[in-house]
Each structure stands twice: as structure tokens, then as C-alpha cells.
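*Asks:* Fold the following, please.
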Amino acid sequence: MSILLKDVHKAFGSNRVLKGFSLEVQPGETLAIVGQSGTGKSVALKHVVGLLRPDSGEVWVDGKNVGDMDLEGLYEVRRNVGYVFQFAALFDSLTIGENVGLGLRRMPELTDEAISRRVRECLALVELEGYESRYPSQLSGGQKKRAGLARAIATRPEYLLYDEPTTGLDPVTTTVIDRLIIRTREELEVTSVVITHDMESAYRVADRVGMLHDGVIRFLGTPDEIQACPDPIVKGFIEGKPELLEGAG
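*Replies:* Numbering: from 1, shown residues only. Okay, the predicted model is just below:
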């Protein structure tokens, strides 16, 4: 059970974002995709659940070609993939409990009691016990991120996709979110992809790190391997040295 993107190309008008992007996520691992802002990290992620379709190339989830699926097939894939949006994307008019239970309402086999029980379980996992009746406006930025994670895991997916989960958070809250990502992987045994530009976060949560540059994966390896990589493009990014990037063209 894996995620495979093979030679994916995607352009928006004259802006070519992905230029032969290929990546395989192994079952049970957490893979972080890093790179400069605007390089297409989130664009790549959205292809996995069919929010975007490739101009060419293939996207496979559980041995099924997402690019060839109709809407019904996409719904089936999305039920098995939890998506944690960059800014949580909670509905302001709904309570936290209602937000977390949204996907569960589409599962006819679950009773109202079962939904309430699972909502409580998910909130407990992200350390938001007792927050069911609160509204998003009553939560801090970090709490909103945790509520978004609770919603993503409520349907018990096999895959979790995180789009910049620590953006805008202070260092302490970032560490809390990173620990929750690790805890979620260990307790739910999910396969995860984390989009981030925060290298310290990537080193903490990831089994492997892939760097996206100029529309393709420039480097793929363990946190130790990427830190030892001599490539000036990779080194310039992970060490925050723009002169290396400029020198490499």
C-alpha cells in the first residue's frame, strides 16, 4: 500500500510547476517534502487526492490510478486519505466536535453515538479533550491545527497528508505539532507525507526527506543523508545560504 507519483507534469498557464516529478512513499513511513516557497510542494500533494489532475504522468494510491478516476472513485480514495490543510480549514459556524465529525456523517454505518465517541477519541489523541462544544474562534492557532488533525484522522485513514502543518506557529507549538505527527504515525500506523519548509521539523518527524527544486525531486534520503549532501542547491536551502543557491545557478 503506497503512494506513487510518476513523471508528473503540471502547469498553470505558462508557469510550469512540476516538470517530471516522481516520488514513491513507502508503506508506514513519514516522508517530508521540502523546498523553497512556490516550488510546487502543495501542488504535488493535491495530486494525491485528485484536487489537481496531472497534465501528464501518473498518480497511484493503493495500486489505483487517481488520474483516471471518476468522482465516485475519488471519493473512495479520499475516504482513505486524511488531509491536514495549511490553515486547518475549519468551518467557523460549526463547533469543533461538528468539524471533526464532518467526514463521519458520510459513513452510514456509524450511529450518532458512535460518531460522538470517535470524535472524543480523536480530540483526546491531539490533546483537545473537552473541546467539542467550542468554536474555531475560541482556539489558538496551534489548537486549530490540532483540531484539523483530529478531523483528518476521524475516518481512520491509511494515509495522512500534511500541508505546512507548522506554518505560523512559535517554536514550542511547532514541537508539539511535530510530536503529534509522530504519535499519530505510531498509534494509527499510517503512511504520511509532510509538506514543510521547516528543516528542523522535517528532521524530527521524517524517515526520509525529499527536496523539490525546479519541478523535480533534487534529493531523496534520510535526515542524516540530506544534511551531509554536498549538492550546493540542497546545501544552500537546508542551511539557509542563498549565496550557494545563486552560485549554483
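*Asks:* beta partners of the residue nearest to the spatial centre of the chain?
*Replies:* The residue lying closest to the centre of the chain (C-alpha atoms, centre = their mean) is residue 162, at 1.8 Å. Residue 162 forms beta bridges with residue 84, residue 194, as assigned by DSSP bridges.
*Asks:* List the contacts of it.
*Replies:* 84, 181, 192-196 (C-beta atoms under 8 Å, 6 or more residues apart in numbering). (Each C-beta comes from the backbone N, C-alpha and C, glycine too.)
*Asks:* Take these and lay them out in TSV including distance to residue 236, pLDDT and neighbour count.
*Replies:* Output for these, formatted as TSV (distance: C-beta to C-beta, whole Å; pLDDT from 0 to 100; neighbours: other C-beta atoms under 10 Å):
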residue	distance to residue 236	pLDDT	neighbour count
84	29	87	26
181	26	90	25
192	27	95	24
193	24	96	24
194	21	96	27
195	20	94	24
196	17	91	24
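*Asks:* which of those lies closest to residue 233?
*Replies:* The nearest member of the contacts of residue 162 to residue 233, counting by C-beta to C-beta, is residue 196 at 17.7 Å.
*Asks:* I'd say that closest one and residue 164 touch.
*Replies:* Yes. Under the criterion of C-beta atoms under 8 Å, residue 196 makes contact with residue 164 at 6.1 Å.
*Asks:* now stretch 224-239: mean pLDDT?
*Replies:* On average, the pLDDT along stretch 224-239 is 92.
*Asks:* On the three-state scheme, residue 39 is what?
*Replies:* coil (DSSP: H, G, I helix; E, B strand; the rest coil).
*Asks:* ugh, typo on my part, it should be residue 33
*Replies:* Look at residue 33: counting by three-state DSSP, its state is strand.
*Asks:* now it: how far from residue 62?
*Replies:* The gap separating residue 33 from residue 62 is 20 Å, by C-beta to C-beta, to the nearest Å.
*Asks:* where does this structure have low pLDDT?
*Replies:* The model of the chain has pLDDT under 70 over residues 1, 244-249.
*Asks:* tell me which residues in the longest helix anywhere in it are buried?
*Replies:* The residue-count maximum for a helix in the chain (DSSP state H) belongs to helix 171-188. Of the residues in helix 171-188, 173-174, 176-178, 180-181, 184-185 count as buried by neighbour count, 16 or more other C-beta atoms under 10 Å.
*Asks:* now, among these, which is nearest to residue 119?
*Replies:* residue 184 (15.9 Å).
*Asks:* isn't the closest one right up against residue 190?
*Replies:* Yes. Residue 184 is in contact with residue 190 according to C-beta under 8 Å; the separation is 6.6 Å.
*Asks:* got any residues that touch both of those two?
*Replies:* The contact lists of residue 184 and residue 190 share 153, 160, where a contact means C-beta under 8 Å, 6+ apart.
*Asks:* Where do the domain boundaries of the protein fall?
*Replies:* According to automatic domain parsing, the chain comprises the domains 3-80+159-247, 92-156.
*Asks:* ok, back up a step: any figure for the gap between the residue nearest to the centre of the chain and residue 50?
*Replies:* Applying C-beta to C-beta to residue 162 and residue 50 gives a distance of 18 Å.
*Asks:* Check residue 127 too.
*Replies:* 32 Å.
*Asks:* what about these two, which has more around it?
*Replies:* residue 50 (20 against 14; other C-beta atoms under 10 Å).
*Asks:* ok, that one - contacts?
*Replies:* Contacts here follow C-beta under 8 Å, 6+ apart; on that basis residue 50 touches 59, 66-67, 69, 74, 77-78.
*Asks:* 6 Å instead, please
*Replies:* In this structure, residue 50 makes contact with 66, 74, judged by C-beta atoms under 6 Å, 6 or more residues apart in numbering.
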